[in-house]
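S.K.: Any chance you could fold what I've pasted below:
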Amino acid sequence: MHTLHRAPLWMALLAATALGTTACSNKNADAAASASSPAAAAPSRALAPADLLLTKVSAVAELLPFTATLNPLNSAEVAAEAEGRVLEVLVREGETVQKGQLLARIDGEALRQNVLEMQAQLANDEARLKLARLKRNKQRELYQQGFISKLAFDEIENDYQIREGELAARRSQLARARKSLGETEVRAPMAGTVYARRTQPGEQASKNQKLFAIADLSVLEGSASIPARLVSRLQPGQQARFQVEGLDGEFRGELVRVNPVAASATRTFNAYIRVPNADGRLKAGQFAKGGIVLREVTDAIAVPQAAVQQADSANPWLLLVQNGKLVKQPVQVVLRSDTDRRFAVQGVAAGQTVLAAALLGMKPGDAVTLPKP
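M.R.: Below you'll find the predicted structure:
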């Protein structure tokens, strides 16, 4: 009785085991088939607009970086040449003045009286000289006729020459007095902009006291410190490009000279960059940051440095996008600009689409999809 009940149980277990083994075999076969089918190939990767760039011909320059403070090429301190009370101040900071323009007046009443006194004395001396001339001429006639001795005539001649000398000295004194009176009018020694006013009406001015400061802002100059290892690459006439904080755009200048003696503290050389500023956009004291152009290429393709792979090797290359795939394109690096991180390259044509930078996991031959316009 017990044997008859166990036989069907063993048969059921064997059947279930056979079915499980068959199912597992079928699943493994399906997985292998799926892996070997064309549908398992890597999908096309969609690229973003920021991943791509269209090649074009653009200028690329190798620059020697510099920083400099812009200062006026020409400036002047205007000092008082006469002592006295300041009567009037006619200009303020920021105003433009012309050469010879009146800036201030100093009380010169005492000097004016001195000029009048000198003029009166000069008139007296002229009258005395006129009288001495008449006497001399008359005495000459008498001497020629033998009525007076030569000694008497020489005394008259000597008196005339003394009077003539006194008149010349008086004229010189009057000229100095007039000059001193003119110095009570403080005038601009040059055209430019007043950037400092150090006196007020009513104040007492002393001789040589600084009253104004004027700068010609039409031409500025900056001094840049250049390391000794790079100074040999500089030549007067090289162009400079720079930006100024707070102002849009790029400004241009020219290297005009290099100090041949290094600064003792830093062992660097000062290079002087001249900047035209006729429109007055730049101001004295602004900080300039840019580079001196050592070499420039204008007829090559410009690409970001990140776009070129193995740039320091003998065989640099970048990735072109052609027919939906990435293609390895060898290039030649013509010029490297570290300041704006660009390369000038040959080996690609203008108008081709390339990767702007290496993308993780992307390699030549990969399928890509361009962004929709």
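S.K.: mind listing the strands in the stretch 251-373 of the chain by residue range?
M.R.: For the stretch 251-373 of the chain, the strands defined by DSSP state E, counting those that start in this stretch cover 251-258, 268-276, 287-297, 301-304, 317-322, 325-330, 332-337, 342-346, 353-355, 368-369.
S.K.: so E155 is in which element?
M.R.: In this structure, E155 sits in helix 150-182 according to DSSP states H and E.
S.K.: what about that helix, distance to the chain center?
M.R.: How far helix 150-182 lies from its chain's middle: 59 Å, per Cα atoms, centre = their mean, to the nearest Å.
S.K.: Same check on stretch 56-66?
M.R.: That offset, for stretch 56-66, works out to 17 Å (Cα atoms, centre = their mean).
S.K.: avg pLDDT for that stretch?
M.R.: Average pLDDT, stretch 56-66: 92.
S.K.: Can you tell me what sits against it?
M.R.: With Cβ atoms under 8 Å, 6 or more residues apart in numbering as the test, stretch 56-66 has contacts from 224-226, 230, 233-234, 240-242, 271, 273, 289-302, 334-340, 342-344, 350-351. C-betas here are computed from N, CA, C, even on glycine.
S.K.: ok, now stretch 147-154?
M.R.: With Cβ under 8 Å, 6+ apart, stretch 147-154 has contacts from 139-140, 142-143.
S.K.: Would you mind giving these as CSV with pLDDT, secondary structure and neighbour count added?
M.R.: Below are the contacts of stretch 147-154 laid out as CSV (pLDDT from 0 to 100; DSSP: H, G, I helix; E, B strand; the rest coil; neighbours: other Cβ atoms under 10 Å):
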residue, pLDDT, secondary structure, neighbour count
Q139, 84, helix, 20
R140, 86, helix, 14
L142, 85, helix, 14
Y143, 81, helix, 17
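S.K.: Which pair of these spans the longest distance?
M.R.: The two members of the contacts of stretch 147-154 with the most space between them (Cβ to Cβ) are R140 and L142, at 7.4 Å.
S.K.: ok, P72 - contacts?
M.R.: The neighbours of P72, taking Cβ under 8 Å, 6+ apart as the test, are 192, 215-217, 219-221, 284.
S.K.: redo that, cut-off 10 Å
M.R.: Contact analysis of P72 by Cβ atoms under 10 Å, 6 or more residues apart in numbering lists 192-193, 195, 214-221, 277, 283-285.
S.K.: which residues do R140 and L142 both contact?
M.R.: Among the neighbours of R140, those also in contact with L142 (Cβ under 10 Å, 6+ apart) are 148, 153, 156.
S.K.: Let's check: the centremost residue of the protein is which one?
M.R.: Geometric centre of the chain, nearest residue: A288, 4.9 Å, by Cα atoms, centre = their mean.
S.K.: Beta-bridge partners for it, please?
M.R.: Applying DSSP bridges to A288 gives these bridge partners: A68, V244.
S.K.: Make sure I have this right: V194 is in a strand.
M.R.: Yes: assignment of V194 by DSSP: H, G, I helix; E, B strand; the rest coil places it within a strand.
S.K.: Surely it touches V78?
M.R.: Yes: with contacts counted by Cβ atoms under 10 Å, V194 reaches V78, the gap being 9.0 Å.
S.K.: just to revisit the earlier point, what about the shared contacts of R140 and L142, which one has the most neighbours?
M.R.: I156 (19 neighbours; other Cβ atoms under 10 Å).
S.K.: sorry, back to before: which residues are in contact with the residue nearest to the centre of the chain?
M.R.: Counting by Cβ under 10 Å, 6+ apart, A288 touches 66-70, 220, 222, 224, 240-245, 251, 253, 273, 275, 282.
S.K.: Pull out the buried residues from these.
M.R.: 66, 68, 70, 220, 222, 224, 240-242, 244, 251, 253, 273, 275, 282 (16 or more other Cβ atoms under 10 Å).
S.K.: before we move on, the earlier item: M118: which of the strands of the stretch 251-373 of the chain is closest?
M.R.: strand 268-276 (48.3 Å).
S.K.: how much space between R342 and A307?
M.R.: Here the criterion is Cβ to Cβ, to the nearest Å. By it, R342 lies 9 Å from A307.
S.K.: ok but L134 is inside a helix, no?
M.R.: Yes: under three-state DSSP, L134 falls within a helix.
S.K.: got a list of what it touches?
M.R.: Y160.
S.K.: Next, count neighbours for A263.
M.R.: Neighbour tally, A263, other Cβ under 10 Å: 11.
S.K.: Compare the strands of the stretch 251-373 of the chain and report which one is nearest to V97.
M.R.: strand 268-276 (20.9 Å).
S.K.: tell me the angle the closest one makes with strand 251-258.
M.R.: 130 degrees (axes from the mean of the first three to the mean of the last three Cα atoms, to 10 degrees).
S.K.: Could you give me the buried positions within strand 268-276?
M.R.: Going by 16+ other Cβ under 10 Å, strand 268-276 has these buried residues: 268-275.
S.K.: Make a markdown table out of the residues you listed and add distance to P373 and pLDDT.
M.R.: A markdown table is the format used below for the buried residues of strand 268-276 (distance: Cβ to Cβ, whole Å; pLDDT from 0 to 100):
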| residue | distance to P373 | pLDDT |
| --- | --- | --- |
| T268 | 52 | 94 |
| F269 | 53 | 96 |
| N270 | 53 | 96 |
| A271 | 48 | 96 |
| Y272 | 50 | 97 |
| I273 | 44 | 97 |
| R274 | 47 | 97 |
| V275 | 43 | 97 |
